[in-house]
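1. give me coordinates for this.
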Amino acid sequence: MEIKVAKSAGFCWGVKRAVNIAVNSIGKTAKTYCLGELIHNRREIERLQRLGMEFIEDMEKLEPGNTVVIRSHGVDPKVLDFLKRKGLSVVDTTCPFVKDVHDKVIKLEKEGYPVLILGNPNHPEVIGIAGHVKKNPMIVSSLKELEELPNFPKLGVVCQTTLNMNFFKEAISILSLKVKELKVYNTICKATSVRQKEARELAKSVDVMLIVGGRNSSNTTKLYQISKSVNERSYHIESKEEVSKSWFVGARSVGITAGASTPQWVIKEVIDYIKDLCKGGEISGRGICKTSGRELQTS
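-> Residues are numbered from 1 along each chain as shown. Next up is the predicted model:
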């Protein structure tokens, strides 16, 4: 069995930065909280809990003097103001690329453009971006919604940093026919674009494709959708425990990619498990997969 691991699999720069900042904040005050999930990966959240971080949703429960970590997805500026007024030590891990989207919607609004955000309206990143727009922004997540929009004299557009690039292209094509003066910022993170392109190419070249990451992770879900569109034998898993031996019947190669919020140690567990599985239950004894060029040969 040949195992190929995507070069881009696992933590992106912004997530790695957020986790490192969050870990360093633990223990500096009596309690360290994170407002919502720092990143969308259950296994990593469980690890942070073991290190002493508590995750809460209700800001009213926070006590002055405690530390509160702002998730990598960012928040509405009104949330930051509330936390600071309450006397909390705020540690902001918002991804700089997400902050850049905040700056762009503020700029668009100052220039007089109504703002449209392409993305999932229920995703914390999109909620945070929308919070930076004074007048209610439009949030659109499907081509059908775009088709139903009226014509506009002018419109400013940004998007969720993990948006599917193909969706973005189709969305802008539709809007270009509806808007007289259209100003578009492609705010899809470069790491997202690279990851999606790589997932598509890898899925085409292997018999079975595994996408590792949280089911609540937007970017992992998009990787799965992309892989599934070109390889029917694509599976979204959160951990090695979900891997089924039946998936590999007759397969000679397996590809593995992972979302931006999936830690390397989770990916390694999956790789080791498949190596073990393909040896008929025998441990290969080679330990960590050799990752020369991040492409593995285990047959």
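
2. direction included, what does the biggest strand by length in the chain pair up with?
-> Longest strand in the chain, counting residues (DSSP state E): strand 152-159. Within its sheet, strand 152-159 is paired with strand 115-118 (parallel), strand 179-184 (parallel), according to DSSP bridges.

3. most neighbours per residue, which of those strands?
-> Each of those was scored by mean neighbour count; the highest is strand 115-118, a mean of 26, by mean count of other Cβ atoms under 10 Å. C-betas here are computed from N, CA, C, even on glycine.

4. may I have it as PDB, with CA atoms only?
-> C-alpha atoms of strand 115-118 as PDB (Å, rounded to 0.1, in the frame of the first residue of the first chain):
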ATOM      1  CA  VAL A 115     -20.900  45.000   2.300                       C
ATOM      2  CA  LEU A 116     -21.600  41.500   1.200                       C
ATOM      3  CA  ILE A 117     -19.800  38.600   2.900                       C
ATOM      4  CA  LEU A 118     -19.500  35.300   1.100                       C
END
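
5. and that strand, average pLDDT?
-> Strand 115-118 carries an average pLDDT of 98.

6. same list (the strands paired with strand 152-159) but as a markdown table, adding distance to residue 192.
-> A markdown table is the format used below for the strands paired with strand 152-159 (distance: least, Cβ to Cβ, whole Å):
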| stretch | distance to residue 192 |
| --- | --- |
| strand 115-118 | 13 |
| strand 179-184 | 17 |
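
7. ok, back up a step: distance between the helix or strand following the longest strand of the chain and the chain's centre?
-> The C-terminal neighbour of strand 152-159 among helices and strands, as given by DSSP states H and E, is helix 165-175. Computed by Cα atoms, centre = their mean, to the nearest Å, the chain-centroid distance of helix 165-175 equals 20 Å.

8. ok, now stretch 161-179?
-> Here stretch 161-179 is found 19 Å from its chain centre; the criterion is Cα atoms, centre = their mean.

9. could you shift the numbering so residue one becomes 59, and keep it that way?
-> Happy to do that; since the first residue is 59 now, the last one works out to stretch 219-237.

10. tell me the buried residues in that stretch?
-> 219-223, 225-226, 229-230, 233, 237 (16 or more other Cβ atoms under 10 Å).

11. quick one: end-to-end distance for that stretch.
-> Stretch 219-237 has its terminal residues 23 Å apart, counting by Cα to Cα, to the nearest Å.

12. list of residues touching it?
-> Contact partners of stretch 219-237, identified using Cβ atoms under 8 Å, 6 or more residues apart in numbering, comprise 153, 155-156, 159, 174, 176-177, 183, 198, 201, 204-205, 207-213, 215, 217, 240, 242, 244-247, 250-251, 254-255, 276-277, 280, 283-284, 318.

13. PyMOL command to pick out the buried ones of those?
-> The buried residues among the contacts of stretch 219-237 can be selected in PyMOL (16+ other Cβ under 10 Å) with this line:
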select buried, resi 153+155+156+159+174+176+177+183+198+204+210+213+215+217+240+242+245+246+247+250+251+254+276+277+280+283+284+318
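
14. can I assume residue 66 is in contact with residue 258?
-> No - between residue 66 and residue 258 there is no contact under Cβ atoms under 8 Å: 11.9 Å.

15. looking at the strands paired with strand 210-217, which is closest to residue 301?
-> strand 173-176 (33.7 Å; Cβ to Cβ).

16. list of residues touching the closest one?
-> Contacts of strand 173-176 (Cβ under 8 Å, 6+ apart): 163, 166-167, 184, 187-188, 191, 193, 195-199, 213-218, 221, 225-226, 229, 233.
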